[in-house]
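Visitor: What follows is a predicted protein model with its sequence.
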Amino acid sequence: MNTRREFLKSGLAFGAAVSLAPWHRLAAATAPIAPATVDSARSVLVAVRDGSRSAMVDQALAALGGLGAWVKPGQTVCLKPNIGWDAPPERGANTHPELVGHLVRLCLGAGAKSVSVFDNTCDQWQLTYEHSGIEKAARDAGAHVVNGKDQSLYREVEIPGGVKLKRALVHTLFLDSDVLLNVPVLKHHSGTGMTAAMKNLMGAVWDRKFYHQNDLHQVIADFLTLRKPTLNILDAYHPMVRNGPRGKSVDDLVEMRTLLASADPVALDAAAAKLLGLDPAKVAYIKIADAMKLGTMDLSRVEIRRFSLA
Amino acid sequence: MRQPGLKFLRVTGAAVVFAGLTAALVDFRGAVPPLVGQGLASVQFIPSAIALATGAGVALACLVILVVTLAVGRIYCSVLCPLGIFQDIVARLAGWVRRKKALLPYRPALTWVRQLFLWGGVAGMVAGGAGLTLSLLDPYSIYGRIASGLFRPAVTLGNNALVSLIRALGGESLYRVIPPWAGVAALAVPAAMLVLITGLAAWRGRLYCNTVCPVGTLLGLVSARSAWQLSLDPGVCRKCGDCLRDCKAQCIDLRSGTIDPSRCVACYNCLGACPEAGIRYRWTWRRRAAGTASPPKPAANLAAAAADPQRRAFIATAALTLTAVGAGRLLAAPVAGSNPSAKPGAKDAGPPTGSRRPNYSRAICPPGAVSVDRFLDTCTSCHLCVSACPTHVLQPAFLEYGFLGLLKPRLDYADAFCNFDCRRCAEVCPDGALGLLPLEQKQVTRIGVAELDVERCIVKTKGTDCAACSEHCPTKAVDTIPYGDNLRLPQVNQELCIGCGACEFACPSKPDKAITVAGQRRHDQAKRHLEEKARDPRRGNAFPF
């Protein structure tokens, strides 16, 4: 019994559902991952060397289909650098401000609705934001620089695949932004051996002490089950090879003029470990994340696209 | 002569000083440049006198204040002293609440009480509690503690409410800040003073300044002999009493036609209040010198008679004080000997660590203090540094330094640690209690030493990696060594440790921290560990993958 009234009713309801549904969210959640996973689920890693940070990231993004493949017009972007320590850019304790500023400009150029930058710093946050140079670089490029020490901006969520970390207070920018760009710096770390992509995500969580109390390596891997970054871009221009993660002086750095990019944080960290002369299988959190199938640390199964700009 | 213009100058000057100092003391986001607080605090009488006495700086402000007081009266009390200005504001607000000005009639000076506080203060200083006495009596420091301890958290709460409002409206400027409450005990003293001062000011204007405050009393002794003094013109005064409504010091005596120069705080309210313009600054020295030549006025006679009991009280209290000081020193002598720094190994086993160290101090004082003893003697607990400290590691002490260290700033590593590249506390310190060390020297100045109880360490108790302590250590005095199955165990090299507390703050071990900092009574220098340029861990220059 198909009356005209019923037809109109259901038609209107369908139309309303289509127009009101958060389709852009759906697109955001799936589309950016596509380019890396499209060819037989093989992770893609781009490694660039011997250029300026901006030139290397331009090359890396070009090799990944351009930033437009990852950031769609109208999307909100959360850019998460490492802003851990009250140290100037030349000390290499934080992601370099040049890279952050350049990426913010690229995102806005790709049509992003907004770009927000934050970190849950180790040193006092205002000093750290200021002296790292990131606050100014990001602001000048048009980003919102957001307080990472304001608990009201964090929300408690369940960590779906967490072994040790079951629930956590996580920054709302990390949870709610359409695109998540993880932009760490490569450093030695006295607790975990090294820090790059996966360890950097710890700065999106309120309670850092929980990590240290409950098997640091396992918790680092657990957190990745909440949300994988859209893209990871590693600043390895002058990695800190000892006395990390804070470092004492510029003497702790070695100039490598390298940048890595991948949607697979485990593959990226495995490659980063090798830059520091470490065996990825000996870095416990990389091994755990690989076992949890959060990415692959076996670089022989990763498609590596190498570039030298020299 | 447009003498009513003096009030405008007084109010303008006071507004600038009060606003600047208050901004520095309630600054919860590091927005006020250190120079503002330091500049306005270092022209305060007591801090400047301490800086001059200890040679911490060319602090001439106290001498200038004395000279100015000798010339024109207690301008310090009206223009520079934040506690005095605060009382004026309270009295003004109380007047608004009452909807009419209170008529405060003339009251004779409470000379005995004034002298008691002044000489009691001197006695307390000489008897060995210089720092505590000064900190309890210095009016600038009293206001500093009220503003830092009570106003600052209140302003922070206001800021947070504003942030919520802005966010509700869709904006995102400003940010929320955790209100910086000090411990209850350390807040009780400023809270009690706030109640006392507010009450007295609302009730009887500058009663506190003219009975309790020893700086007011000292400057009053000088201003009683000042060259220019405000005085009534007996020829035109109709004794209408209009000036009394505006005098907050209750020092205008219409019956004798005199103004008590020791209690007049040079606010100049009376100048404009007199319908006959009969109150003016007049030169008094020549008249006094040539007093016998001119026909003696009845008013002058009365003033001379009134001065006599004051002088008697002065001499009596001075004599009493000196006796008390002598007795006090005798009593204090054995106390000084039982000072923990001089304790020779009471019951000792093994190498001295923690509280058994000969140089141990339970409370940790900031770099630049040189030693706890010097710090306790020279710091007036104005808490400007507590407000300025970006990490809030500086907190007012309760009894951590002992009773004589009540309210002095100490480093509390429970929720924060001393930033390696920061010297903000010494930058704002107005009296040299904290000397401003060159940054390279501050970074090797040892205020305490980290001690690791490895049996409590997470790496041992849980068998998992941690190294939060080593991660935070700026000198790498705390480093890690290989341990067990691919783990890293912290270890401390005390020679490199400066006691900044980063490790203690970061240590996640519960209920007791595995690594803690033992304070040092006398600061000394840590070694600086210099390393060669790091080598490239890769083989060759190509990608190692």
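Guide: Noted; the coordinates are in hand.

Visitor: What's the first helix or strand after the helix or strand of chain B with the lowest mean pLDDT?
Guide: Among the helices and strands of chain B, helix B:298-337 carries the lowest confidence by mean pLDDT, DSSP states H and E, at a mean of 52. Per DSSP states H and E, the first helix or strand lying C-terminal to helix B:298-337 is strand B:360-361.

Visitor: Give the other helices and strands that that next one contacts.
Guide: If you count contacts as 3 or more C-beta pairs under 8 Å, 6 or more residues apart in numbering or on different chains; DSSP states H and E, strand B:360-361 packs onto strand B:515-525. Where C-beta positions appear, they are placed from N, C-alpha and C, glycine not excepted.

Visitor: where along the chain do the strands fall?
Guide: No chain in the question, so chain A it is. Using DSSP state E, the strands of chain A run over residues A:44-49, A:76-81, A:114-117, A:144-145, A:154-158, A:167-171, A:179-183, A:185-189, A:193-195, A:231-240, A:258-262, A:303-308.

Visitor: oops, I was thinking of chain B
Guide: Under DSSP E, chain B gives strands at B:228-232, B:252-253, B:258-259, B:279-283, B:360-361, B:394-396, B:409-411, B:445-452, B:478-483, B:487-492, B:515-525.

Visitor: Settle this for me: B:Asp27 is touching B:Ser387, isn't it.
Guide: Yes. If you go by C-beta atoms under 8 Å, B:Asp27 and B:Ser387 touch, sitting 6.0 Å apart.

Visitor: Get me the contact residues on the stretch 51-200 of chain B for chain A.
Guide: Taking C-beta under 8 Å from any C-beta of the partner chain, the part of the stretch 51-200 of chain B that reaches chain A is made up of B:172, B:175-176.

Visitor: so how many other residues sit close to B:Gly149?
Guide: Using other C-beta atoms under 10 Å in any protein chain shown, B:Gly149 has 27 neighbouring residues.

Visitor: so what's it up against?
Guide: By C-beta atoms under 8 Å, 6 or more residues apart in numbering or on different chains, the contact list for B:Gly149 reads B:182, B:186-187, B:190-191, B:383, B:386, B:396.

Visitor: now do A:Leu294
Guide: A:221, A:224-225, A:228, A:265-266.

Visitor: Please report the distance of it from A:Asn120.
Guide: Separation of A:Leu294 from A:Asn120 (C-beta to C-beta, to the nearest Å): 21 Å.

Visitor: where are the low-confidence patches of the chain?
Guide: Answering for chain A, as no chain was given. Scanning chain A with the threshold set as pLDDT under 70 gives A:1-40.

Visitor: I was after chain B.
Guide: For chain B (pLDDT under 70), the answer is B:1-4, B:57, B:101-102, B:287-356.

Visitor: now with 50?
Guide: Low-confidence segments of chain B (pLDDT under 50): B:1, B:290-307, B:330-350.

Visitor: Can I get the strands of chain A in a markdown table including mean neighbour count and distance to chain B?
Guide: What follows is the strands of chain A, written out as a markdown table (neighbours: other C-beta atoms under 10 Å in any protein chain shown; distance: least, C-beta to the nearest C-beta, whole Å):
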| stretch | mean neighbour count | distance to chain B |
| --- | --- | --- |
| strand A:44-49 | 24 | 5 |
| strand A:76-81 | 26 | 13 |
| strand A:114-117 | 24 | 9 |
| strand A:144-145 | 18 | 7 |
| strand A:154-158 | 14 | 11 |
| strand A:167-171 | 19 | 13 |
| strand A:179-183 | 25 | 19 |
| strand A:185-189 | 27 | 7 |
| strand A:193-195 | 27 | 8 |
| strand A:231-240 | 27 | 8 |
| strand A:258-262 | 27 | 8 |
| strand A:303-308 | 16 | 6 |
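
Visitor: Find the closest residue to chain B in the stretch 101-250 of chain A.
Guide: Relative to chain B, the nearest point of the stretch 101-250 of chain A is A:Gly191 (3.1 Å; C-beta to the nearest C-beta).

Visitor: give the contact list for that residue.
Guide: Contacts for A:Gly191 (C-beta under 8 Å, 6+ apart) come out as A:212, A:216, B:465-468, B:470-471, B:480, B:488.

Visitor: taking these one by one, which sit in helices?
Guide: A:212, A:216, B:468, B:470-471 (DSSP state H).

Visitor: Greatest separation within the residues you listed: which pair is it?
Guide: The distance between the two most remote of the ones in helices among the contacts of A:Gly191 (C-beta to C-beta) is 12.5 Å, for A:Leu216 and B:Ser470.

Visitor: Which residue lies nearest the spatial centre of chain A?
Guide: By C-alpha atoms, centre = their mean, chain A has its centre lying nearest to A:Asn182, at 1.4 Å.

Visitor: Quick one: residues contacting that one.
Guide: So A:Asn182 contacts A:80, A:197, A:200-201, A:229, A:231-233, A:265 (C-beta under 8 Å, 6+ apart).

Visitor: about what we covered before: let's have the ones in helices among the contacts of A:Gly191 in TSV, adding neighbour count and distance to B:Val215.
Guide: Listed next are these as TSV, based on neighbours: other C-beta atoms under 10 Å in any protein chain shown; distance: C-beta to C-beta, whole Å:
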residue	neighbour count	distance to B:Val215
A:His212	26	51
A:Leu216	27	56
B:Ala468	29	48
B:Ser470	29	50
B:Glu471	26	48
